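*Asks:* quick one: sequence plus predicted model below, questions after.
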Protein chains: 2
Amino acid sequence: MLPEWTYQKCPEISAVDRQAAIARQAQLTKPTGALGRLEQLAIELAGLQATEQPRAARAPMIIFAGDHGIVAQGVSAYPQAVTIAMMANFAAGGAAISVLARELGSSLEVVDAGTLAQEEMPGVVTDKPRHGTRDFSVEPALEPAELAFAVEAGQRAVVRAEAGRPDVLIFGEMGIGNTTTSAAIAAGLLGVSAEEIAGSGTGIDAAGRAHKARVIDAAIARHGIARTSPENILCAVGGLEIAAICGAIIAAAQRRIPVLIDGFIVSVAALAAVRMNPSCQPFLLPSHQSAEQGHRLVLRALNVQPLISLDLRLGEGSGAAIALPLVRLACSLHNDMATFAQANVPDRPA
Amino acid sequence: MLPEWTYQKCPEISAVDRQAAIARQAQLTKPTGALGRLEQLAIELAGLQATEQPRAARAPMIIFAGDHGIVAQGVSAYPQAVTIAMMANFAAGGAAISVLARELGSSLEVVDAGTLAQEEMPGVVTDKPRHGTRDFSVEPALEPAELAFAVEAGQRAVVRAEAGRPDVLIFGEMGIGNTTTSAAIAAGLLGVSAEEIAGSGTGIDAAGRAHKARVIDAAIARHGIARTSPENILCAVGGLEIAAICGAIIAAAQRRIPVLIDGFIVSVAALAAVRMNPSCQPFLLPSHQSAEQGHRLVLRALNVQPLISLDLRLGEGSGAAIALPLVRLACSLHNDMATFAQANVPDRPA
């Protein structure tokens, strides 16, 4: 149903570089294992990037925005107009991810992958098959051709970023209603009830969350998508920005570019990507554990253990951006520390 | 027993600036609370620094090194000569903290607060009352005058750093044997058995750890220091670098400079500081949860909740340095994000 490239295999981890990185870590002037997960991170990155010197210096950020027909069912705390207003805020430099990109020296591209915006906006790349998804409580959110378009929009964004020779990529999202869409996708992929996975999003209360879960469960039953294919599930209850991120993750992994996986929504896109093309899984790097309820379940399914857990629940790629310095420091420590021999420090007795 | 300044009160938190920071966070273009602990961090920092614009840009790092007589009892996995060799490695730029300081744009000062080094070393400030502590399994580690000297050495380092107008300070330590010393101090201060608090340090095995715990419990009984004063405990089983960090923390707080608290050893120094001068407590900023067993207990006693937990157990101030970017990003987000009004983004309906 999707373009053929979606299913093409990603490159293998370089066993030679991974082994060399393990050997180097054991020679650095510190007790074995004393840098904990940062050692592991550098080792994995060396294998993924197939290099002796893992790097996360160049880390472009791309935000995909989309609107969601399901918002008509009263599932969000914020009005739908916020999606477009926040796109403008990203481009103008006032949003959290804009501040983070500046501080971290990353480029920031904003892609309108499917908002209701009727006109092109300055500083935004428009690449969408339609304006918002359909309300999945009454009909399928997307036609197959619309889904394919969105997945390819993700690939196009990666191809644009590739020119800057990125070491890693960060994908973010914006879309009022997209925790509902993501929870529906995750519930379908994992075969769990919405109660287990639907969170409070931008800040709905307990009654709102219960309503959101009912809407999702009803849609999954209506479309008959529990534990069906990711393509099926994305058509039935998907989002355009989520489909774009799914395509972007696969396209990045196929180019040997690891991706720092942000919070709940990006993780759901990653789960769909892994179900479509399991060979992209090793290229998913951890970032944070979101406060959004379903994130833990999705990360477990992805076999990704987060680096930080700071009760973030903003989206936009902000959690991945906040974790980026840890990945960068892991690389610097790996590449730049002296060995016992170089520093003439006695190692522990054998 | 200690110089009078040690007990002088630290400045109060600015309630006005703290309140202004809370109000500002509610206006930034994100759902309320969506930046989780980073919001809290910016708010606390605004109150501590008494400013509308909390900052962690200038973050000098100071490492205090010392040797420990208790090493004669076979409590460490590494030979004692490593303390001096690592001081040279810090100064030469090859150690983990050297790499981190470079990457983070921080100055790095190395203070020999009490190693066995007989001569001054290039790139190291020598400021010590004696060469190493006495073996506390047979006699008190320090005379009161030696303890006072070390505490003042900490203050002197802060005075030197003050010239650069630091926003926050990071203190680190190096000293073969100092997890044993720290565990003994913590066991004394908290009135717990060594078994609860002694960890594997640079990498001793289970039998080594049991031996270490026995050595500590015997020393606490011999000196009769359980739940006595921090001054008493530091003289009996203390370390010179630990006493210096204790003085440095108090001196920094008295100058309204918050301190990012590193791992087990620095946290124990902080606990002694808080016991001597409780008014310094608010100036202790969290960094990481170390893999060293006793750290959790000490952080709980300090009422400090770590930002990251990455199985680090290196010391040198490395955990605090690795957490520094998170504090910096918290400040940037607080200071530089647009408000709903500025960005013309609809806030949630009342």
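*Replies:* In hand now; what should we look at? Residues are numbered from 1 along each chain as shown, chains lettered A, B, ... in the order given.
*Asks:* for chain A, what spans make up the strands?
*Replies:* Secondary structure of chain A (DSSP state E): strands at A:61-66, A:108-114, A:124-126, A:169-174, A:259-260, A:284-285.
*Asks:* residue contacts, A:His68?
*Replies:* A:Gly132, A:Thr133, A:Ala141, A:Gly175, A:Ile176, A:Gly177, A:Asn178, A:Thr180, A:Thr181, A:Gly239 (C-beta atoms under 8 Å, 6 or more residues apart in numbering or on different chains). Backbone N, C-alpha and C define where each C-beta goes, glycine included.
*Asks:* for it, give its distance to chain B.
*Replies:* Look at A:His68 and chain B: by C-beta to the nearest C-beta, to the nearest Å, they are 16 Å apart.
*Asks:* pLDDT weak spots in chain A?
*Replies:* A:349-350 (pLDDT under 70).
*Asks:* need the helices for it, in chain order.
*Replies:* Counting by DSSP state H, one finds helices in chain A at the ranges A:15-27, A:36-49, A:81-92, A:96-104, A:144-162, A:178-190, A:194-197, A:206-223, A:230-237, A:240-254, A:264-276, A:295-302, A:318-336, A:340-343.
*Asks:* just put these in JSON lines and tack on distance to chain B and mean neighbour count.
*Replies:* As requested, the helices of chain A are arranged in JSON lines below (distance: least, C-beta to the nearest C-beta, whole Å; neighbours: other C-beta atoms under 10 Å in any protein chain shown):
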{"stretch": "helix A:15-27", "distance to chain B": "12", "mean neighbour count": "16"}
{"stretch": "helix A:36-49", "distance to chain B": "3", "mean neighbour count": "23"}
{"stretch": "helix A:81-92", "distance to chain B": "4", "mean neighbour count": "22"}
{"stretch": "helix A:96-104", "distance to chain B": "5", "mean neighbour count": "23"}
{"stretch": "helix A:144-162", "distance to chain B": "22", "mean neighbour count": "21"}
{"stretch": "helix A:178-190", "distance to chain B": "11", "mean neighbour count": "29"}
{"stretch": "helix A:194-197", "distance to chain B": "19", "mean neighbour count": "20"}
{"stretch": "helix A:206-223", "distance to chain B": "12", "mean neighbour count": "18"}
{"stretch": "helix A:230-237", "distance to chain B": "23", "mean neighbour count": "24"}
{"stretch": "helix A:240-254", "distance to chain B": "18", "mean neighbour count": "31"}
{"stretch": "helix A:264-276", "distance to chain B": "12", "mean neighbour count": "28"}
{"stretch": "helix A:295-302", "distance to chain B": "13", "mean neighbour count": "20"}
{"stretch": "helix A:318-336", "distance to chain B": "3", "mean neighbour count": "25"}
{"stretch": "helix A:340-343", "distance to chain B": "4", "mean neighbour count": "16"}
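*Asks:* figure out which of these is closest to B:Ala330.
*Replies:* helix A:318-336 (8.9 Å; C-beta to C-beta).
*Asks:* now that closest one and helix A:15-27, what's the angle there?
*Replies:* Per axes from the mean of the first three to the mean of the last three C-alpha atoms, to 10 degrees, the angle that helix A:318-336 makes with helix A:15-27 is 70 degrees.
*Asks:* which strands or helices does helix A:318-336 pack on?
*Replies:* Applying 3 or more C-beta pairs under 8 Å, 6 or more residues apart in numbering or on different chains; DSSP states H and E, we find helix A:318-336 packed against helix A:15-27, helix A:36-49, helix A:96-104, strand A:169-174, strand A:259-260, helix B:96-104, helix B:318-336.
*Asks:* want to throw those into a markdown table with distance to A:Thr115?
*Replies:* Output for those, formatted as a markdown table (distance: least, C-beta to C-beta, whole Å):
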| stretch | distance to A:Thr115 |
| --- | --- |
| helix A:15-27 | 41 |
| helix A:36-49 | 33 |
| helix A:96-104 | 16 |
| strand A:169-174 | 8 |
| strand A:259-260 | 23 |
| helix B:96-104 | 38 |
| helix B:318-336 | 24 |
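*Asks:* most widely separated two among the contacts of A:His68?
*Replies:* Using C-beta to C-beta, the pair of the contacts of A:His68 lying farthest apart is A:Ala141 and A:Ile176, separated by 14.7 Å.
*Asks:* let me see the contact set for the closest residue to A:Ala46 other than its chain neighbours.
*Replies:* Distances taken as C-beta to C-beta, 6 or more residues apart in numbering or on different chains place A:Ala21 nearest to A:Ala46, at 3.7 Å, with adjacent residues excluded. For A:Ala21, the contacting residues are A:Ala42, A:Ile43, A:Ala46, A:Gly47, A:Glu52, A:Pro54, A:His334, by C-beta under 8 Å, 6+ apart.
*Asks:* likewise A:Met86?
*Replies:* By C-beta under 8 Å, 6+ apart, the residues touching A:Met86 are A:Ala65, A:Ala95, A:Met174, B:Thr29, B:Val345.
*Asks:* export the residues you listed as JSON lines, with columns for neighbour count.
*Replies:* What follows is the contacts of A:Met86, written out as JSON lines (neighbours: other C-beta atoms under 10 Å in any protein chain shown):
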{"residue": "A:Ala65", "neighbour count": "29"}
{"residue": "A:Ala95", "neighbour count": "31"}
{"residue": "A:Met174", "neighbour count": "29"}
{"residue": "B:Thr29", "neighbour count": "23"}
{"residue": "B:Val345", "neighbour count": "21"}
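*Asks:* sorry, back to before: looking at the helices and strands packed on helix A:318-336, which is nearest to B:Val16?
*Replies:* Per C-beta to C-beta, nearest to B:Val16 of the helices and strands packed on helix A:318-336: helix B:318-336, 16.0 Å.
*Asks:* distance of the residue most central in space within chain A from B:Gln118?
*Replies:* The residue lying closest to the centre of chain A (C-alpha atoms, centre = their mean) is A:Val266, at 3.3 Å. Separation of A:Val266 from B:Gln118 (C-beta to C-beta, to the nearest Å) stands at 57 Å.
*Asks:* phi, psi of A:Gln305?
*Replies:* Backbone torsions of A:Gln305, given as degrees, to the nearest 10, read phi -100, psi 120.
*Asks:* if you drop the residues flanking it in sequence, what lies closest to it?
*Replies:* Nearest one to A:Gln305, counting by C-beta to C-beta, 6+ apart, is A:Pro286 at 5.6 Å.
*Asks:* list the contacts for the one you found?
*Replies:* Neighbour list for A:Pro286: A:Leu260, A:Ile261, A:Leu299, A:Val304, A:Gln305, A:Pro306, A:Leu307, A:Ala323 [criterion: C-beta under 8 Å, 6+ apart].
*Asks:* please tell me how far it sits from chain B.
*Replies:* Taking C-beta to the nearest C-beta, one finds A:Pro286 at 11 Å from chain B.
*Asks:* quick check: the residue nearest to the centre of chain A touching A:Ser318?
*Replies:* No: counting by C-beta atoms under 8 Å, A:Ser318 is not a contact partner of A:Val266; they are 10.6 Å apart.
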